[in-house]
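1. sequence below, structure please.
(chains A and B)
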Amino acid sequence: MDHRLVTSAQITPRLECQGFEAGDIVLPSFKLHAGESLCLHVEHGHLPWYETLLPLLKGEVIHSGLRIHGVVRYLERPMPARGWFGRRKDLSARDWLVLEKHVPLKAALAILDCVHIPQDLRIGWMGWNERTMLALEFNLFDPPDVLLFDTGGNDPLGVLRVFDRLATRPKTLTLVYLKYINGPGSPCLVGGQCLDVAARPTEAALVE
Amino acid sequence: MAIGKWLEAYSFAIKKWTCNRRPCGMSQWEMPCLDPVSKWMRARQRMWRRCPYRLRSGFRQAGLRNPDLVERFKRLMLAGDWDYVGQGPTFVYWQKGSTIWVGEGHHRANAALEIGRETGEWSYLAQLLQHGIRSPGEPPPSNRGRFPTRGWLSRLLTLLGW
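-> Okay, the predicted model is just below:
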């Protein structure tokens, strides 16, 4: 008989959604345990996904139909500040990791080496794919319980690089892919459950 | 109003004068500028307002990392060697009306923009958009920013941090 140690973290789902309507979106019901992944096909509605769906999944907006157990983090890419003396806030890749994300210098250099980004390159001068990979490496260095991510603005090569890297992620890291480019040739997250997030007509959303 | 009319009359007279002296086969764009007002008018025509699209960066790109690449892309586009179909999927953008937020592809968008400003031919930019990947919706407002170019104003703004 196979006696496997089952921890409470494996029993308790990290994300539990009972299926509900919020704003102009209809979220399906799902349960996500540690290490599982979900590919949410987000239909483009009246309100953008980053104003409705993202705050819900991040836990910034509380809804009784969605239970979050653990730390949920969105893959936020490094972004330079703009304005007077904004150049001073346009940190180098190394400083972004060390000063803003509090990664030890040695680990920061290892991360930069891994993504092939020169350590003195300012984040404002990086391409979107590079910024995505840098943010991803940071999130894999210090993994949350659930990682939310999207690939908006990335080219197909960048999307594949993200998926390839996530294939070797820590085993307990749960993934939620917000896929809002749903055309032919846009890949889904391999090994993940695919669900649709429908957008309600504007009138119905406004009446509520 | 009066100044505008005077400038138009002046530019018409200058154009007529230069047309009479233009060597056979040479377009008016190839003719060197002869007077400061024509130079100013030509510079005015090259201004960003002439572009049919309002270009913006979809992720606050501060500057172009490799400005020489723009020159190379420009040469390829002008020679007709640019592979719009093959390179298309690597050009990603959002669009709302005439506003374009560029995701991946700031260098080639710059090349097409410069060609458009210099020649008034915007089909290069239109082809880039036609074959590129248009993301649905718009980028998050916090990610939007100025479109960096090789121009002195853009470089000055980058230096100031805008």
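2. use CA for all of it now, contacts and neighbours both
-> Will do.
3. so is the helix or strand containing B:Leu128 next to chain A?
-> In this assignment (DSSP states H and E), B:Leu128 forms part of helix B:123-131. No: using CA under 8 Å from any CA of the partner chain, we find that helix B:123-131 stays clear of chain A, coming within 12.8 Å at best.
4. ok, and what's touching that helix?
-> For helix B:123-131, the external contacting residues (CA atoms under 8 Å, 6 or more residues apart in numbering or on different chains) are B:Met77, B:Tyr84, B:Val85, B:Gly88, B:Pro89, B:Phe91, B:Tyr93, B:Ala109, B:Ala112, B:Leu113, B:Ile115, B:Gly116.
5. go on, stretch A:143-154?
-> With CA under 8 Å, 6+ apart as the test, stretch A:143-154 has contacts from A:14, A:34, A:57-58, A:70-75, A:128-129, A:159, A:170, A:172-181, B:58, B:92-93, B:102-104, B:135.
6. any of the contacts of helix B:123-131 buried? List them.
-> B:Met77, B:Tyr84, B:Gly88, B:Pro89, B:Phe91, B:Tyr93, B:Ala109, B:Ala112, B:Leu113, B:Ile115, B:Gly116 (16 or more other CA atoms under 10 Å in any protein chain shown).
7. who are the contact partners of the fifth one?
-> So that's B:Phe91. Applying CA under 8 Å, 6+ apart to B:Phe91 gives the contacts A:Asp155, B:Val102, B:Gly103, B:Glu104, B:Gly105, B:Leu128, B:Leu129, B:His131, B:Gly132, B:Ile133.
8. which residue is nearest the middle of chain B?
-> Geometric centre of chain B, nearest residue: B:Leu113, 2.5 Å, by CA atoms, centre = their mean.
9. do a quick rundown of the strands in the chain.
-> With no chain named, the answer covers chain A. Under the criterion DSSP state E, strands of chain A are mapped to A:15-22, A:25-32, A:37-42, A:66-68, A:72-74, A:146-149, A:174-179, A:193-199.
10. my question was about chain B, not that one.
-> For chain B, applying DSSP E gives strands covering B:54-57, B:92-96, B:99-102, B:133-135, B:145-146.
11. off-centre distance for the longest one?
-> Relative to the mean C-alpha coordinate of its chain, strand B:92-96 is positioned 17 Å out (CA atoms, centre = their mean, to the nearest Å).
12. rounded mean pLDDT for it, please.
-> What strand B:92-96 shows for mean pLDDT is 94.
13. could you pull out the buried residues of that strand?
-> Within strand B:92-96, the residues scored as buried using 16+ other CA under 10 Å are B:Val92, B:Tyr93, B:Trp94, B:Gln95.
14. kindly report the same for stretch A:73-91.
-> For stretch A:73-91, a neighbour-count test (16+ other CA under 10 Å) marks A:73-75, A:77-82, A:86-87, A:89-91 as buried.
15. next, the angle strand B:92-96 makes with the helix holding B:Leu128.
-> Orientation check (axes from the mean of the first three to the mean of the last three CA atoms, to 10 degrees): helix B:123-131 against strand B:92-96 gives 100 degrees.
16. buried residues in helix B:123-131?
-> Neighbour-count burial for helix B:123-131, counted by 16+ other CA under 10 Å, picks out B:Tyr124, B:Leu125, B:Leu128, B:Leu129, B:His131.
17. what mean pLDDT does that helix have?
-> In this model, helix B:123-131 has a mean pLDDT of 94.
18. same question, stretch A:31-38
-> What stretch A:31-38 shows for mean pLDDT is 92.
19. pull out the CA atoms of it and give them to me as CSV.
-> Below are the C-alpha coordinates for stretch A:31-38, written out as CSV (Å, rounded to 0.1, in the frame of the first residue of the first chain):
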residue,chain,number,x,y,z
LYS,A,31,-10.6,24.9,-7.6
LEU,A,32,-6.8,25.2,-7.8
HIS,A,33,-4.4,23.3,-5.6
ALA,A,34,-0.7,23.7,-5.1
GLY,A,35,1.2,23.2,-8.3
GLU,A,36,-1.8,23.2,-10.6
SER,A,37,-2.3,25.7,-13.4
LEU,A,38,-5.3,27.4,-15.0
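20. coming back round to it: pull the most distant pair out of the buried residues of strand B:92-96.
-> B:Val92 and B:Gln95 (10.2 Å; CA to CA).
21. overlap in contacts, those two.
-> B:Arg134, B:Ser135.
22. ok, and the closest non-adjacent residue to A:Ile120?
-> For residue A:120 the amino acid is Asp, not Ile. For A:Asp120, ignoring the flanking residues on the chain, the nearest one in space by CA to CA, 6 or more residues apart in numbering or on different chains is A:Ser92 at 5.1 Å.
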